[in-house]
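Colleague: Please work out how this folds:
(one chain, ligands or ions: 1)
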Amino acid sequence: MKKILVANRGEIALRVMRSAKKMGIKTVAIFSEADRDTPHVYFADEAVCVGPAPSSESYLNQKKIIQVCKDLNVDGIHPGYGFLSENAKFAKAVTKAGIKFIGPSPYAINIMGSKLDAKDAVKKYDIPMVPGVDHAITDIKEAKKIAKKIGYPILIKASAGGGGKGMRIVEEEKEFVEQMDRAVSEAVSAFGDGSVFIEKYVGSPRHIEIQVLADSHGNVVHLFERECSIQRRHQKVIEEAPSAVLDEELRNEMGAAAVRVAKACKYEGAGTVEFLLDENKKFYFLEMNTRLQVEHPVTELITGIDLVEQQILVARGKKLAFKQEDLAIEGHAIELRVYAEDPKNNFLPSIGTLTTYTKPNLPNVRVDDAYQEGMTIPIHYDPMIAKLAVYAKDRKAAIALMIEAIANYKIEGIETTLDFGAFVMGHKSFTSGKFDTHFVGKYYKPGKNLKKDKKEFDLVAKIAAQIFEQSKKQLKVPEVLNEDWFVNRK
Ligand code: MV4
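Modeller: Model (predicted):
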């Protein structure tokens, strides 16, 4: 593979191209008319406009993208996340055009794109699953019977689902039909597929996901977990690795289960297996994401492994250069997604221009972004401005460093989730590690306790800096942090 086209934009396009460049591979950017003047376009060796601003006419234009590859002699496509990354038809068309799709096979994408097919595929692999049904509900009477057996509350889920769409909690039997109706019509309008199934509702779960990596020779390893419970409206805001609640035994168990899920669909490349973890530390398979995830940096930081480099090596047919026993967690990483949103106003998108944009310039702080001062946040795409990731000796030091990094990140012109991040870092439920997916709804009451006042926040940042200084001496920085672009060094 000598030349890779990145079928994406923004921070992830840049991030992928950085690893490609490091490996001596030429890069091709595609861009929409709205993105002509953006960092990922300038960073690439070649760049081609693929259409107008709307994604459907540019970043999702499969034919055009494949044509660009043919015109420029591209031999590999990296889809990033979102857009065409989990589109089995695209993966197939790319392969058919003689270009390597840097990701799993259309077969694996298809299976994992359907929750029911995924359940079916992993059935024989001893994967813990939430009590429920393993087929689409067609008979209401039968479904009610099963619901009674499982016990209320139950959850109706769309098989094609994602992002919580088509998901309905049913507290008691008399709501069943109404909620079922809603789930089905939501699923039809969102995915064009009204198949739904039911599961026991896990009331206070943590969202724990396992990073896996598989080569084309049947070798599969896991790269430990990411804790992603701090979310709102099914959108993650803070992720960390490792999780504060997993012990060695549970980590190994969940890791081994994730590896079996990958084997169940003959997975190839980097993937993520999502689990729910309940209050009794029982875990259940939810789904597998067949792409590089937004939050992959925290895994890179604690393992020292460049996941994009690994994806490319696997796509080249190389065997994994390490075994499970070669992998170990070192230190602790936390990521904050910096969104152009107003946390004080129900996280509504905050549009405008970055009149001030200064990144924190601190050791062991990694900023994945694709913005510069003066740029405007486009309304056509995801409102994420940057991912702010920190790496430290342990969780306490990582929290301290995150507070310092937030204090040193200056963004003006729009509202962002930076202050929200500081709120979470300072919250007892987060620092103690005792939280679940309800954190935001339960504790975040905007206006009240957010970023009390500037003086107090600066003091907290100062204390945090001291804690970090003390812990730093014992920290061994992983290989992956030695790249200039990975970390802003003093
Ligand atoms: C669940 C659940 C409770 N019980 N399944 C949400 C999106 C989808 N990927 C799965 N989701 C959930 N499935 C059962 N049986 C609770 C959620 C859920 C959730 C999961 C992970 C992270 C955040 C969440 C927020 C609300 C609900």
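Colleague: Going by residue numbers, what spans are helices in the stretch 351-490 of the chain?
Modeller: 395-407, 418-426, 428-431, 439-443, 454-472 (DSSP state H, counting those that start in this stretch).
Colleague: got JSON lines for those helices, with mean neighbour count and distance to Leu292 too?
Modeller: All C-beta atoms are positioned from the backbone trio N, CA, C, and that covers glycine. JSON lines is the format used below for those (neighbours: other C-beta atoms under 10 Å; distance: least, C-beta to C-beta, whole Å):
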{"stretch": "helix 395-407", "mean neighbour count": "24", "distance to Leu292": "22"}
{"stretch": "helix 418-426", "mean neighbour count": "23", "distance to Leu292": "23"}
{"stretch": "helix 428-431", "mean neighbour count": "14", "distance to Leu292": "26"}
{"stretch": "helix 439-443", "mean neighbour count": "16", "distance to Leu292": "25"}
{"stretch": "helix 454-472", "mean neighbour count": "15", "distance to Leu292": "29"}
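Colleague: Among those helices, single out whichever gets nearest to the ligand.
Modeller: helix 439-443 (9.2 Å; C-beta to the nearest ligand atom).
Colleague: Near the ligand, which residues of the protein are found?
Modeller: 130, 155, 164, 199-202, 205, 207, 231, 234, 276, 286-287, 437 (C-beta under 6 Å from any ligand atom).
Colleague: Among those, find the one with the greatest number of neighbours, please.
Modeller: Highest neighbour count within the residues of the chain next to the ligand: Glu199, with 23 neighbours (other C-beta atoms under 10 Å).
Colleague: what's the closest non-adjacent residue to that residue?
Modeller: In this structure, Glu199 finds its nearest non-sequential neighbour in Gly132, 3.4 Å apart by C-beta to C-beta, 6 or more residues apart in numbering.
Colleague: list the contacts for that neighbour?
Modeller: 146, 150, 154, 197-200 (C-beta atoms under 8 Å, 6 or more residues apart in numbering).
Colleague: just curious, which of those residues is nearest to the ligand?
Modeller: Nearest to the ligand among the contacts of Gly132: Glu199, at 3.8 Å, using C-beta to the nearest ligand atom.
Colleague: For the residues of the chain next to the ligand, name the two members farthest from one another.
Modeller: Lys200 and Gln231 (20.8 Å; C-beta to C-beta).
Colleague: Phe283: neighbour count?
Modeller: 21.
Colleague: same check, this time on Glu175
Modeller: Glu175, neighbours per other C-beta under 10 Å, totals 15.
Colleague: what's the spacing between it and the ligand?
Modeller: Remark: distance between Glu175 and the ligand (C-beta to the nearest ligand atom, to the nearest Å) = 16 Å.
Colleague: next one: Thr417
Modeller: Per C-beta to the nearest ligand atom, Thr417 is found 17 Å from the ligand.
Colleague: Now that residue: closest residue in space, sequence neighbours ignored.
Modeller: Tyr339 (4.6 Å).
Colleague: For the one you found, list each beta-bridge partner.
Modeller: Beta-bridge partners recorded for Tyr339 (DSSP bridges): Met384.
Colleague: Compare the mean pLDDT across the helices of the stretch 351-490 of the chain and name the weakest.
Modeller: Mean pLDDT per stretch puts helix 454-472 lowest among the helices of the stretch 351-490 of the chain, at a mean of 66.
Colleague: bridging residues for Ile77?
Modeller: Beta-bridge pairing for Ile77 (DSSP bridges): Leu5, Phe101.
Colleague: list the contacts for it?
Modeller: 4-7, 65, 69, 94, 99-102 are the contacts of Ile77 under C-beta under 8 Å, 6+ apart.
Colleague: switch the cut-off to 7 Å
Modeller: 5, 7, 69, 94, 99, 101-102 (C-beta atoms under 7 Å, 6 or more residues apart in numbering).
Colleague: gap between Ile25 and the ligand?
Modeller: Using C-beta to the nearest ligand atom, Ile25 is found at 34 Å from the ligand.
Colleague: That residue: neighbouring residues, count only.
Modeller: Around Ile25 there are 18 residues (other C-beta under 10 Å).
Colleague: separation between the closest residue to Gly10 other than its chain neighbours and Asp117?
Modeller: Leaving aside its sequence neighbours, Gly10 sits nearest to Ala370 (C-beta to C-beta, 6+ apart; 4.5 Å). Distance check for Ala370 against Asp117: by C-beta to C-beta, to the nearest Å, it reads 35 Å.
Colleague: circling back: so of the residues of the chain next to the ligand, which ones are in strands?
Modeller: Counted as lying in strands by DSSP state E, out of the residues of the chain next to the ligand, are 155, 199-200, 207, 231, 276, 286-287.
Colleague: quick check, nearest of these to Thr38?
Modeller: Nearest to Thr38 among these: Gln231, at 27.5 Å, using C-beta to C-beta.
Colleague: For the ligand, what is the nearest residue in the stretch 1-150 of the chain?
Modeller: Counting by C-beta to the nearest ligand atom, the stretch 1-150 of the chain gets nearest to the ligand through Val130 (4.2 Å).
Colleague: nope, the stretch 351-490 of the chain is what I meant
Modeller: Distances between the stretch 351-490 of the chain and the ligand by C-beta to the nearest ligand atom are smallest at Thr437, namely 3.7 Å.
Colleague: check contacts around that residue.
Modeller: 205-207, 229, 231.
Colleague: Need the helices of the stretch 351-490 of the chain in JSON lines (columns: distance to Phe83).
Modeller: Compiled in JSON lines, the helices of the stretch 351-490 of the chain are given as follows (distance: least, C-beta to C-beta, whole Å):
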{"stretch": "helix 395-407", "distance to Phe83": "29"}
{"stretch": "helix 418-426", "distance to Phe83": "26"}
{"stretch": "helix 428-431", "distance to Phe83": "32"}
{"stretch": "helix 439-443", "distance to Phe83": "27"}
{"stretch": "helix 454-472", "distance to Phe83": "37"}
